[in-house]
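1. What shape does this take:
(one chain, ligands or ions: 1)
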Amino acid sequence: MVDLRGQYLRLKEEIDAAVNDVLDSTRFIRGPFVTEFETALAKYTQVQHAIGVANGTDALQIAYMALGIGPGDEIITPSFTFISTAEAASLIGATPVFVDIDPKTFCLDPNRVESSITPRTKAIVPVHLFGHSADMDPILALGAKYNIAIIEDNAQAIGATYKGSKTGSLGTLACCSFFPSKNLGAYGDGGAILTSNTELEAQCRMITNHGGRHKYLNEVVGINSRLDALQAAILNVKLTHLDAFTESRRNAASLYNSLFEDIDEIICPYEADWGHHVYHQYVIRIQQRDELVDALSNSGIPHGIYYPVPLHQQPVFESQAHDLDLPETEKTCREVLALPMHTELTPSQQRRIADVVIAHATHLNHA
Ligand SMILES: *Cc1c(COP(=O)(O)O)cnc(C)c1O
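-> Numbers count the residues shown, from 1 in each chain. Presented below is the predicted three-dimensional model:
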């Protein structure tokens, strides 16, 4: 599904030099490499502050903690997302409240959010899934109307835009992940929180540092979550290539789109006229998905299902969400199929993948 090695070999000289700089300096914890990356990331994502943390899941938890969210509070999230978005809420004693998605964008449906808001709602967390922005304006309007923070889960969408603004710059806070397969991937774990609010920046930094601003003075309960300097140096190099990476992904997506254009059985990913898609994943919809998956496995074509089980049906959330009915989310989980998407994909590889997908998809439909 991804080709981490091919990309590394292309950037090897730059990356190896950056890693060697860190080793030479022995500035492994915090220090200049992390600060340099935080500054570059903030500039790239059009925010005032970026705070490096250990991973994207920590970024979400710290963002929730910085807003003072805790037991008894509710956080609105989609059910069609990676577990972290909701898990981080549960970890601090809050309750994730799951809302259905817009089947076109795969993101939180703004029209279904308001009826889930209660006096306990402390945050709404749109997830820019697969690299496409959620429809932010109506969500931001609800945040303003009810005085609720908007936290963007930007783990899959760095570089994407909404009406010309970078995702991650729209909410009160935003969270990034640099897991190796993400669009901006480290060679290990990494994450960041984005904000243009200086008080929240200070709060996030304090929480990541055992709840203290000064050494051996702990003001609140915090955690230990740091972006490693080696990862920061690698990310610093890769950030300068991110727009070119995105261009490769977009080119690959448009080739898939044209190859599938006349195939009625396949619904290609949607790009709204207000959104610039960065194709973290290339996800099609298809009716006989499970049969197609079997056929692709037998043909040796890599593929993935994100996500097979929605969060409201996961055992961990069963007790709080068992009677929830999210029809679009449930239907989407049955129909989605991700095809290989990365920066090293060649047109001939894509043609071969598309040939096999089309042959099976049309055969299944006629069988
Ligand atoms: C990857 C991801 C995360 C978590 O990031 P980690 O760095 O793996 O902790 C959170 N939310 C979404 C939507 C993700 O895709």
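2. The residue of the stretch 201-350 of the chain found nearest the ligand: what's it in contact with?
-> Closest residue of the stretch 201-350 of the chain to the ligand, Cβ to the nearest ligand atom: residue 280 (7.6 Å). Where you see a C-beta, it was placed from the backbone N, CA and C, and this is true even at glycine. Applying Cβ atoms under 8 Å, 6 or more residues apart in numbering, we find residue 280 in contact with 130-131, 156-157, 182-183, 249, 341.
3. are any of those residues buried, and which?
-> Buried members of the contacts of residue 280, counted by 16 or more other Cβ atoms under 10 Å: 130-131, 156-157, 182-183, 249, 341.
4. In helices only, show me the contacts of residue 280.
-> residue 249 (DSSP state H).
5. filter the contacts of residue 280 down to the ones near the ligand?
-> For the ligand, the contacts drawn from the contacts of residue 280 by Cβ under 6 Å from any ligand atom are residue 156.
6. re the thing from before, from residue 180, how far off is the residue of the stretch 201-350 of the chain closest to the ligand?
-> Residue 280 is 13 Å from residue 180, where distance means Cβ to Cβ, to the nearest Å.
7. Repeat that for residue 335.
-> Remark: distance between residue 335 and residue 180 (Cβ to Cβ) = 28 Å.
8. Looking at these two, which one has more neighbours?
-> Set residue 335 next to residue 180 and count neighbours by other Cβ atoms under 10 Å: residue 335 wins out with 17 against 13.
9. What pLDDT does the model give that one?
-> Per-residue confidence (pLDDT) for residue 335: 97.
10. show me what contacts it?
-> With contact set as Cβ under 8 Å, 6+ apart, residue 335 has these partners: 285-287, 289.
11. Contact residues of the stretch 1-150 of the chain facing the ligand?
-> For the stretch 1-150 of the chain, the contact set with the ligand under Cβ under 6 Å from any ligand atom comprises 55-57, 81-82, 84-85, 127.
12. Tell me the one of those nearest the ligand?
-> Looking across those and measuring by Cβ to the nearest ligand atom, the closest to the ligand is residue 56, at 2.5 Å.
13. buried residues in stretch 354-367?
-> 354, 356-358, 360-361, 364.
14. no no, stretch 238-248
-> Buried-residue list, stretch 238-248, by 16+ other Cβ under 10 Å: 238-239, 241-242, 245-246, 248.
15. So which of the residues of the stretch 1-150 of the chain next to the ligand are in helices?
-> 56-57, 84-85.
16. which residues of the stretch 151-300 of the chain fall in strands?
-> For the stretch 151-300 of the chain, the strands defined by DSSP state E, counting those that start in this stretch occupy 161-162, 165-166, 173-177, 191-195, 275-276, 282-285.
17. quick revisit: turn the ones in helices among the residues of the stretch 1-150 of the chain next to the ligand into TSV, including pLDDT, neighbour count and distance to residue 231.
-> Below are these laid out as TSV (pLDDT from 0 to 100; neighbours: other Cβ atoms under 10 Å; distance: Cβ to Cβ, whole Å):
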residue	pLDDT	neighbour count	distance to residue 231
56	98	27	13
57	98	23	15
84	97	23	18
85	96	26	22
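18. how about residue 237, what does it touch?
-> Residue 237 touches 11, 14-15, 18, counting by Cβ under 8 Å, 6+ apart.
19. Nearest to residue 48 among the residues you listed?
-> Ranked by distance to residue 48 (Cβ to Cβ), the contacts of residue 237 are led by residue 18 at 25.3 Å.
20. in what helix or strand does the closest one lie?
-> Element membership for residue 18 (DSSP states H and E) is helix 4-25.
21. Packing partners of the lowest-mean-pLDDT helix or strand in the chain?
-> Using mean pLDDT, DSSP states H and E, helix 318-321 stands out as the lowest-scoring helix or strand of the chain, at a mean of 85. In terms of contacts (3 or more Cβ pairs under 8 Å, 6 or more residues apart in numbering; DSSP states H and E), helix 318-321 is packed against strand 95-99.
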